[in-house]
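Peer 1: Let's see this in three dimensions:
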Amino acid sequence: MINKRICTVEELKAFIGEILKSCKGNKVFLLRGDLASGKTTFVQEFSKVLGLKVDVTSPTFSVQNNYADKLYHYDIYQNGIEGFLSSGLLEELEKDGYHLIEWGDEKLESILKRYFMDYLVINIKKEDKDSRIYEVSKCTN
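Peer 2: As a prediction, this is how the structure comes out:
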């Protein structure tokens, strides 16, 4: 598993490809980082790696965006984990495809562990205006 990488947006697709090759079976990704750290940009590049020709936007107010039933993009910043659960979105994680969850915190991690769901945590930090530090950790139940 790749633990840490500094990438520009141009290098991100190759890095995502490496992540996907090394984490077969994981379909839930918890994306963490400050505001404007690049979580949605990560999802945009992820969609390109999957070959999707879609306009990926942040689901801040809709909570979930679905792209071609292959990529599910969540943002739980507004409503927190309680809103995520009360909306029935935990069950969505059982669908085939990749589930990328912005602001997936330790509470969500605890729930995923309780239900024996494998996931990756990707912490994103600004390195400078053009690059980000990506730290990837894997949880396997």
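Peer 1: CA only for contacts and neighbour counts going forward, please
Peer 2: Fine.
Peer 1: Contacts only, for Leu71.
Peer 2: Shown in contact with Leu71 (C-alpha atoms under 8 Å, 6 or more residues apart in numbering): 47, 97-100.
Peer 1: Tell me if I'm right that Gly105 and Phe29 touch.
Peer 2: Actually, residue 105 is Asp rather than Gly. No - between Asp105 and Phe29 there is no contact, the gap being 11.1 Å when judged by C-alpha atoms under 8 Å.
Peer 1: quick one, which of those two is more surrounded?
Peer 2: Phe29 (21 against 17; other C-alpha atoms under 10 Å).
Peer 1: Against Glu82, how distant is that one?
Peer 2: Counting by C-alpha to C-alpha, to the nearest Å, the separation of Phe29 from Glu82 is 19 Å.
Peer 1: tally of neighbours for the spatially closest residue to Tyr134 that is not a sequence neighbour?
Peer 2: Nearest non-adjacent residue to Tyr134, counting by C-alpha to C-alpha, 6 or more residues apart in numbering: Ile124, 4.9 Å away. A count of nearby residues for Ile124, using other C-alpha under 10 Å, gives 23.
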